[in-house]
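K.L.:
compute the structure for the input listed below.
(one chain, ligands or ions: 3)
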Amino acid sequence: MKALCWHGKGDVRVDTVADPEILDPRDIIIRVTASGICGSDLHLYDGLMPTMEAGDIIGHEPMGIVGDTGRDVKKFKFGDRVVVPSVIACGSCYFCEKTLFSCCDSTNPGADLAKAAMGHAPAGLFGYSCMLGRYPGGQAEYLRVPHADVGPIKIESDLSDEQLVFLSDIFPTGYMAAQNAGIELGDTVAIWGCGPVGQDGSDLIAPLEGTEADRLRQERSEGLSQDGGMPPILA
Ligand SMILES: NC(=O)c1ccc[n+]([C@@H]2O[C@H](COP(=O)([O-])OP(=O)(O)OC[C@H]3O[C@@H](n4cnc5c(N)ncnc54)[C@H](O)[C@@H]3O)[C@@H](O)[C@H]2O)c1
Ligand SMILES: [Zn+2]
Ligand SMILES: [Zn+2]
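P.N.:
Ligands and ions are numbered 1, 2, ... in the order given. The predicted structure follows:
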């Protein structure tokens with residue numbers, strides 16, 4: 001298959017690599033139909049993430065159609081449509097039982113490296129270095145998805161890929177940031193950085209809290225997203 005591989009700072013290439021295979025009975029293989037490029041991929045591109053290795057397949061915002069399924073998979077069958085979250089969670093460890101999926105302590109074989117670098121180890125993550133498990137990522141034609149019954153979302157609507165793919169990473173990140181901030185009606189909120197995460201956070205705050213993301217509207221009306229980025233938004 002073709003896949004986008006990291007080769008060093010500022011150097012990613014579409015390479016021909018081996019197709020993924022079922023390695024565990026809880027795996028599925030999907031044919032990727034849409035795959036986002038996260039702001040976090042820019043950190044890889046800029047050479048900021050330790051323990052990347054030349055040839056690593058990147059991408060952690062994929063969705064697609066189920067091909068193979070491991071024999072223990074219950075939620076999916078051949079042909080199902082699925083959005084795959086960036087985080088790989090086992091569903092049964094101490095953290096997963098508390099729905100703290102990004103803290104899953106059984107899916108990251110690079111946990112010791114992560115602890116040394118960051119103090120604590122998160123769950124495994126697609127396409128994001130040895131210290132996050134070295135799982136081949138989703139900017140590829142096919143993807144192996146471990147623990148398919150836990151995180152992946154089965155899609156049974158006819159919404160388009162473009163409407164759904166942000167469920168994998170960007171949308172829940174903005175949502176959780178807005179939720180964790182404990183915003184109440186009447187608060188003034190400043191969001192630094194209005195890429196997709198910041199914009200999802202802002203868009204969510206407005207309808208949820210009955211408020212208005214007025215600065216964001218102002219920034220957009222001035223055409224600031226047209227150059228692919230926004231200047232600092234300081235309240
Ligand atoms: N689950 C997660 O933890 C998770 C998921 C997705 C993204 N992220 C992180 O969230 C951040 C945003 O992601 P994104 O995909 O929206 O990235 P992005 O690169 O698309 O957007 C970042 C925005 O920040 C702006 N910016 C840069 N410097 C700024 C400054 N000094 N002041 C104000 N704005 C500034 C840029 O112009 C850009 O619009 C990234 O750091 C990414 O790594 C985390
Ligand atoms: Zn991301
Ligand atoms: Zn777990």
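K.L.:
only C-alpha atoms for contact and neighbour calcs from this point on.
P.N.:
Will do.
K.L.:
how about the residues of the chain near ligand 2?
P.N.:
Proximity of the chain to ligand 2 (CA under 5 Å from the ion) is limited to residues 38, 40.
K.L.:
okay, now the unreliable bits of the chain?
P.N.:
By pLDDT under 70, the weakly predicted segments of the chain are 202-235.
K.L.:
could you point out the helix or strand that follows the helix or strand containing residue 67?
P.N.:
Assessed by DSSP states H and E, residue 67 sits inside strand 62-69. The first helix or strand that comes after strand 62-69 along the chain, using DSSP H and E, is strand 81-83.
K.L.:
who touches that following strand?
P.N.:
62-66, 152-156, 164-165, 167-168 (CA atoms under 8 Å, 6 or more residues apart in numbering).
K.L.:
which strands and helices sit next to the strand holding residue 67?
P.N.:
Packed against strand 62-69 by the contact rule (3 or more CA pairs under 8 Å, 6 or more residues apart in numbering; DSSP states H and E) you find strand 28-35, strand 81-83.
K.L.:
which helix or strand contains the closest residue to residue 54 other than its chain neighbours?
P.N.:
Distances taken as CA to CA, 6 or more residues apart in numbering place residue 7 nearest to residue 54, at 4.2 Å, with adjacent residues excluded. Using DSSP H and E, residue 7 falls within strand 2-8.
K.L.:
of the helices and strands packed on strand 62-69, flag the one that's most buried.
P.N.:
strand 81-83 (a mean of 26; mean count of other CA atoms under 10 Å).
K.L.:
list the neighbouring strands of it plus their orientation.
P.N.:
strand 62-69 (antiparallel), strand 153-155 (antiparallel) (DSSP bridges).
K.L.:
which SSE is immediately downstream of it?
P.N.:
Next along from strand 81-83, by DSSP H and E: strand 87-88.
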